[in-house]
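**Q** Here is a sequence together with a model predicted from it:
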Amino acid sequence: MAVKKLIDEIFWVGAEDWDRRLFDSLIPLPDGTSYNAYIVRGRDLTVLIDAVDPTKKDILASHLNDFPKIDLVIANHLEQDHSGLIPYVLERYPQARLLATPAAKDLIITHLHVAEDRIRTVADGERLDLGGRTIRFIHFPWVHWPETMLSYLEEDKILFSCDLFGSHLASSDLLVKDEERIYEPAKRYFAEIMMPFRKIIQKNWPVLEGLKVELIAPSHGPIYDRPAFILDAYKKWIADQPENSVLMVWVSMHGSTARMVDHLTWELAGRGIKVMPFNLAVADLGHLAMSLVEAATIIVASPTILTGLHPLVAEAVFLVNALRPKALFAGFIGSYGWKSRAFDQLKAMLDSVRFELLNPVQIKGDPRPEDLALLTRLAADIYQKHQAAGLI
Ligand code: FEO
């Protein structure tokens with residue numbers, strides 16, 4: 001893998017990770033990923049923006065052979081897939097100093113064991129003159145750690161955004177060639193990484209609107225040479241208004257809960273509501289996360305096991321609670337054998353979200369016509385709720 005020239009004196013020195021299939025031992029990566037790092041050379045100073053995952057040390061080391069001098073290393077974000085090799089870079093370039101936000105300093109010392117005198121913190125809005133090129137540092141916390149910032153190259157109008165606007169997609173293309181192809185990995189990335197911080201991104205969005213940007217160079221996935229594509233997508237994803245859709249996460253052991261799911265799906269679809277059912281026995285959690293981005297209602301459908309939720313359902317509910325989607329309503333349906341506390345368990349688990357809870361439909365045994373009628377009523381309730389919320 002070779003160094004790639006982005007524009008004059010600006011280079012990609014990152015690494016593709018074609019075969020990686022899991023991030024944080026949790027997130028599926030069906031398309032692999034990349035760790036993008038960049039060299040920006042001015043007349044006087046050369047900077048490295050971010051590094052790559054420690055597993056790709058050999059690749060970064062080989063790229064850096066083309067750059068005998070690095071004066072400064074910019075750490076936009078301290079997660080190890082971008083910062084893990086910073087100690088190596090600082091050792092290789094003993095004169096270089098590390099630039100990061102004040103909030104990053106403690107993380108650098110505790111996670112990377114970098115000596116304090118190698119670190120220089122930068123203020124929000126501070127400019128760094130490289131000689132004919134100026135980098136402006138923009139503090140942009142919680143995308144997706146507290147210390148994150150963006151680096152904006154003023155003359156060339158390039159925004160180095162680290163994780164923000166990233167996508168887990170390994171590609172030999174430096175720039176986005178096919179916007180339709182990148183949309184799903186970008187949305188998946190937003191759903192899994194950025195969605196819990198949607199409100200903070202919303203609050204800081206005017207900062208981005210105030211920048212003239214010609215290239216968005218994130219730390220994962222290809223670079224956007226038509227920034228409006230990803231900016232418009234994010235505007236939609238971070239907006240408060242969900243779409244007229246219902247996401248249903250479900251598991252069934254002997255078919256009773258499955259029959260309830262089928263009936264509710266049929267009744268909702270018949271009312272013109274988009275339904276996204278996920279059988280958790282086979283579902284891809286990344287697809288589930290993506291569907292959470294715009295769903296207005298979440299239905300949890302679970303049989304009862306040892307008086308509580310099925311463990312696969314509990315895992316999905318944990319995820320929903322952690323990702324804090326914009327959904328307005330949540331409901332619970334399911335069948336149980338003799339006793340259930342599953343709904344109470346569900347309510348207790350949803351402590352980070354403010355969904356309006358709909359009346360649960362929990363039945364004993366296999367559903368009878370009168371039980372299915374309750375689900376028909378639930379579908380009608382959901383329709384009315386969506387209508388009142390202006391989604392229909
Ligand atoms: Fe790509 Fe938050 O690290």
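**A** Cool, got the structure.
**Q** Identify the residue of the stretch 1-150 of the chain closest to the ligand, quick one.
**A** At 3.5 Å from the ligand, residue 79 is the closest residue in the stretch 1-150 of the chain, using CB to the nearest ligand atom. The C-beta positions use only the backbone N, C-alpha and C, and glycine is treated the same way.
**Q** per-residue pLDDT, the closest residue to that residue other than its chain neighbours?
**A** Counting by CB to CB, 6 or more residues apart in numbering, residue 79 lies nearest to residue 145, which is 6.3 Å off, once chain neighbours are set aside. For residue 145, the pLDDT comes out at 97.
**Q** Pretty sure residue 145 sits against residue 75.
**A** No: using CB atoms under 8 Å, residue 145 makes no contact with residue 75, being 11.1 Å away.
**Q** who's more crowded, these two?
**A** Using other CB atoms under 10 Å as the criterion, residue 145 and residue 75 rank with residue 75 on top: 27 against 16.
**Q** three-state assignment of the residue nearest the centre of the chain?
**A** The residue lying closest to the centre of the chain (CA atoms, centre = their mean) is residue 193, at 2.3 Å. Of the three states, residue 193 takes helix under DSSP: H, G, I helix; E, B strand; the rest coil.
**Q** again with residue 161
**A** Classified using three-state DSSP, residue 161 is strand.
**Q** Is residue 297 located within a strand, as I assumed?
**A** Yes: assessed with three-state DSSP, residue 297 lies in a strand.
**Q** So it sits against residue 332, correct?
**A** No: Residue 297 lies out of contact with residue 332 (CB under 8 Å); the separation is 11.7 Å.
**Q** can you list residues touching both of these two?
**A** When CB atoms under 8 Å, 6 or more residues apart in numbering defines a contact, the residues bordering residue 297 and residue 332 alike are residue 358.
**Q** picking up where we left off before, which of the three states applies to the residue nearest to residue 79?
**A** Assigned by three-state DSSP, the conformation of residue 145 is coil.
**Q** quick one, what contacts it?
**A** 77, 78, 79, 107.
**Q** can you list the residues of this structure near the ligand?
**A** Within reach of the ligand by CB under 6 Å from any ligand atom, the chain has these residues: 77, 79, 81, 82, 144, 163, 219, 220.
**Q** Spit out the contact partners of the closest residue to the ligand within the stretch 151-300 of the chain.
**A** For the stretch 151-300 of the chain and the ligand, the shortest gap (CB to the nearest ligand atom) falls at residue 163, measuring 4.4 Å. Residues in contact with residue 163, defined by CB under 8 Å, 6+ apart, are 77, 79, 82, 143, 144, 148, 193, 194, 218, 219, 220.
**Q** burial of the first one, as a residue count?
**A** What that stands for is residue 77. 25.
**Q** Next up, the contacts around the closest residue to residue 67 other than its chain neighbours.
**A** Of all residues not flanking residue 67 in the chain, residue 39 sits nearest, at 5.8 Å (CB to CB, 6+ apart). By CB under 8 Å, 6+ apart, residue 39 lies in contact with 3, 10, 11, 13, 46, 47, 48, 49, 67, 70.
**Q** phi, psi of residue 354?
**A** phi -120, psi 50 (degrees, to the nearest 10).
**Q** ok, it to the ligand distance?
**A** 26 Å (CB to the nearest ligand atom, to the nearest Å).
**Q** Which secondary structure state is assigned to residue 39?
**A** Assigned with three-state DSSP, residue 39 falls in the strand class.
**Q** May I have the beta-bridge partners of it?
**A** Beta-bridge pairing for residue 39 (DSSP bridges): residue 11, residue 48.
**Q** Just the pLDDT for residue 285.
**A** 88.
**Q** Measure how buried it is and give me the count.
**A** 17.
**Q** Contacts only, for it.
**A** Contact analysis of residue 285 by CB under 8 Å, 6+ apart lists 27, 28, 316, 319.
**Q** likewise residue 138?
**A** Counting by CB under 8 Å, 6+ apart, residue 138 touches 124, 125, 149, 150, 151, 152, 207.
**Q** can I get the contacts of residue 163 in CSV with distance to residue 289?
**A** Below are the contacts of residue 163 laid out as CSV (distance: CB to CB, whole Å):
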residue, distance to residue 289
77, 21
79, 18
82, 22
143, 17
144, 14
148, 20
193, 9
194, 11
218, 19
219, 20
220, 16
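**Q** quick revisit: now intersect the contacts of residue 145 with the helices, please.
**A** Using DSSP state H, the members of these that fall in helices are residue 107.
**Q** quick one: which of the contacts of residue 145 is nearest to residue 96?
**A** Of all the contacts of residue 145, the one with the least separation from residue 96 (CB to CB) is residue 78, at 16.9 Å.
**Q** got a list of what the nearest residue to that closest one once chain neighbours are set aside touches?
**A** Closest residue to residue 78 apart from its sequence neighbours, by CB to CB, 6+ apart: residue 107 at 4.3 Å. Applying CB under 8 Å, 6+ apart to residue 107 gives the contacts 78, 145, 147.
**Q** Surely the first one touches residue 104?
**A** Yes: with contact taken as CB under 8 Å, residue 78 and residue 104 are classed as touching, separated by 5.4 Å.
**Q** if I look at those two, which residues touch both of them?
**A** With CB under 8 Å, 6+ apart as the test, residue 78 and residue 104 both reach residue 147.
**Q** Wasn't residue 89 part of a helix?
**A** Yes: Residue 89 sits within a helix when classified using three-state DSSP.
**Q** before we move on, back to that, can I get the buried ones among the residues of the chain next to the ligand as something I can paste into PyMOL?
**A** Those of the residues of the chain next to the ligand that count as buried under 16 or more other CB atoms under 10 Å are selected in PyMOL with:
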select buried, resi 77+79+81+82+144+163+219+220
